[in-house]
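Visitor: Give the three-dimensional model of this entry:
(4 chains)
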Number of protein chains: 2
Amino acid sequence: MKIDPNSSANLSAQIAKAIRDSIVAGDLIINERLPSEAELADYFQVSRPTVREALKRLAAQSLIRTQRGATGGAFVNRLSFQEAYADHVTTSTLLLSMNEVSFDTACEARYALERSCAPLSAERRTADQLATMRTEIFRQSQPSLTDEAYCASDVAFHRALVDGAANPVLSYQLAGAIEAMQPLMNMITFTMRSREIMVCLHSSITDAIESGDGDAAVECLHNLEAETRKIAADAFAARSAARQRSATITKITG
Amino acid sequence: MKIDPNSSANLSAQIAKAIRDSIVAGDLIINERLPSEAELADYFQVSRPTVREALKRLAAQSLIRTQRGATGGAFVNRLSFQEAYADHVTTSTLLLSMNEVSFDTACEARYALERSCAPLSAERRTADQLATMRTEIFRQSQPSLTDEAYCASDVAFHRALVDGAANPVLSYQLAGAIEAMQPLMNMITFTMRSREIMVCLHSSITDAIESGDGDAAVECLHNLEAETRKIAADAFAARSAARQRSATITKITG
DNA sequence: AGACTTTTAAATGTCAGACAATAAAAATAT
DNA sequence: ATATTTTTATTGTCTGACATTTAAAAGTCT
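Guide: Numbering: from 1, shown residues only, chains lettered A, B, ... in the order given. So this is what the prediction gives:
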């Protein structure tokens, strides 16, 4: 493992970087045990708390796991897609909310990416994934569904569609785009009419996927994107108009 | 902020989660200063080192930054796309290498995603991005280029293509797919002939993007994917054959 | 008064040493 | 031989201290 120059910078950050580089470079194999905290402290010529801070940084990225006890220690973690999934979604969500990404920008990215999965999904989707899509469509057609539950079902539907491509790399990358949009979608109040249209489009997509017609699925996704943006635009316009009215009332009455 | 149940679990992890949830929920605004370590320690009823470990976890995810000095402390970080970029690439790279994702799977995902950017890029690319693509193509045509430098140029070319879509969400998500493939590409020895073909395809893509013909660009990307997979298959076959031969020799002579 | 310098205070960064909790291995007893 | 106890190595946490950094307050000189 590499040493640390005694330059002016967070020691714990430097140590974390040194260990992370070793993992990325493959010098540390999966499930390999790192030296104990005391040994690392000795090696890097720092105190144990400093080493611990460095290890916590790595643990935060799921790069290592720690175990107490006699044969315990820090071990290089196998980074599974499933584990990385949650982190990716959280980060993507924060990126969207903190950078004031417009609904249209996020929506465009989401459907562009999703269309790239459609042809593969049309080829490979399992019966199970198809059933999930149909189940979610049915759920979405229930008028009693709250807007939040409707959005959650929408995510589940699209996730099944993406998983149908049977490519973990695609599923992982898409997760960030699709799930991170949920907070934005939750800001929308879906009218019964707009739900009907979307359910109809979802059905068309599922039909296309079932019949193996990727091109048709892509076409439907284009329509769904247009419809989603239209609904969002209406919802935001209505909200803005309401704000305008209330401001006017305040101006008059206040 | 939420409290901590005194259950059996890493205190630092619990505290990190509590603070992270507050940030994600929007209770803590960008650039807002967290309470000092001493105050947090007092609030959560733990020692300062424990609080520090929690803060280091958050710092590792770029959720907070810390500043020394009188008015220093931990501040909620604006998570910029640029910052998240590096993390995303690292994680994606590790996911690929640790999960033994096949070249074909990664390649399929990469080009599927990239094709989703092509139509947008054909519409919106700037002259600067187009120039970058041409520059990288020229670089790739230099026979003196090492394989690694060739791959790096390839990444730069495709990155310019993706950035042409002028959608930060797309650029961010694509980064994971494109840059994470570089280590896999580096395993390939590119022959002069295969480089020629790829340079030619890159030129066709650039021409299509320049003339605003998204469909043609998508078509070219399909060809490029097929060519890339073919080159990789040949390279792996050659390597496997070499191994076979050397094994046979060992068997005979050893 | 205004500009420059010094001091002060608050915060993080780091260290040292200690004890608790845990879990596996070794030693012991049944 | 099996079950129980003891030992031991390691991480988790605490206490208390000092170093370093930074901005603001106080002081000083022109």
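Visitor: What's the separation between the nearest residue to residue A:184 once chain neighbours are set aside and residue B:143?
Guide: Across the structure, with Cβ to Cβ, 6 or more residues apart in numbering or on different chains as the measure, the residue nearest residue A:184 apart from its sequence neighbours is residue A:103 (5.5 Å). From N, CA and C alone the C-beta is placed, and that goes for glycine too. Taking Cβ to Cβ, to the nearest Å as the measure, residue A:103 and residue B:143 are separated by 48 Å.
Visitor: more neighbours, those two?
Guide: For residue A:103 against residue B:143, the residue with the higher neighbour count under other Cβ atoms under 10 Å in any protein chain shown is residue A:103, and the figures read 19 against 7.
Visitor: mind listing what the more buried one touches?
Guide: Applying Cβ atoms under 8 Å, 6 or more residues apart in numbering or on different chains, we find residue A:103 in contact with A:184, A:229, A:232, A:236.
Visitor: pLDDT score for the second one?
Guide: The one in question is residue A:229. At residue A:229 the predicted local confidence, pLDDT, stands at 94.
Visitor: Would you agree it is in contact with residue A:105?
Guide: No. Using Cβ atoms under 8 Å as the test, residue A:229 is too far from residue A:105 to be in contact (10.7 Å).
Visitor: thinking again about what came up before, closest one of the contacts of residue A:103 to DNA strand C?
Guide: If you rank those by distance to DNA strand C using Cβ to the nearest atom of the strand, residue A:184 comes first, at 32.9 Å.
Visitor: In contact with that closest one, which residues?
Guide: Shown here is residue A:184, whose contacts under the criterion Cβ under 8 Å, 6+ apart are A:96, A:103, A:106.
Visitor: count of residues packed around the closest residue to the first one other than its chain neighbours?
Guide: I take that to be residue A:96. By the measure of Cβ to Cβ, 6+ apart, the closest residue to residue A:96 outside its immediate chain neighbours is residue A:180, 5.3 Å from it. When neighbours are counted by other Cβ under 10 Å, residue A:180 registers 25.
Visitor: Please report phi then psi for residue A:180.
Guide: phi -70, psi -20 (degrees, to the nearest 10).
Visitor: Can you list the helices and strands that the helix or strand harbouring residue A:84 packs against?
Guide: Assigned by DSSP states H and E, residue A:84 belongs to helix A:81-98. Where contact means 3 or more Cβ pairs under 8 Å, 6 or more residues apart in numbering or on different chains; DSSP states H and E, helix A:81-98 is packed against helix A:168-179, helix A:182-186, helix B:11-24, helix B:81-98, helix B:168-179.
Visitor: Please dump the ones you listed into TSV; it should also carry mean pLDDT and distance to residue B:41 for every row.
Guide: Listed next are the helices and strands packed on helix A:81-98 as TSV, based on pLDDT from 0 to 100; distance: least, Cβ to Cβ, whole Å:
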stretch	mean pLDDT	distance to residue B:41
helix A:168-179	94	34
helix A:182-186	89	32
helix B:11-24	92	10
helix B:81-98	90	28
helix B:168-179	94	36
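Visitor: In CSV: those helices, plus distance to DNA strand C.
Guide: Converted to CSV, the helices and strands packed on helix A:81-98 look like this (distance: least, Cβ to the nearest atom of the strand, whole Å):
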stretch, distance to DNA strand C
helix A:168-179, 29
helix A:182-186, 29
helix B:11-24, 11
helix B:81-98, 17
helix B:168-179, 27
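Visitor: will you turn those into a markdown table that also has distance to residue B:116?
Guide: As requested, these are arranged in a markdown table below (distance: least, Cβ to Cβ, whole Å):
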| stretch | distance to residue B:116 |
| --- | --- |
| helix A:168-179 | 10 |
| helix A:182-186 | 19 |
| helix B:11-24 | 28 |
| helix B:81-98 | 17 |
| helix B:168-179 | 8 |
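Visitor: Ok, which of those comes nearest DNA strand D?
Guide: Using Cβ to the nearest atom of the strand as the criterion, the shortest distance between DNA strand D and those is 3.1 Å, found for helix B:11-24.
Visitor: mind checking the end-to-end distance for stretch A:66-80?
Guide: Taking Cα to Cα, to the nearest Å, the first and last residues of stretch A:66-80 lie 17 Å apart.
Visitor: just how off-centre is it within its chain?
Guide: The gap between where stretch A:66-80 is centred and where its chain is centred comes out at 27 Å by Cα atoms, centre = their mean, to the nearest Å.
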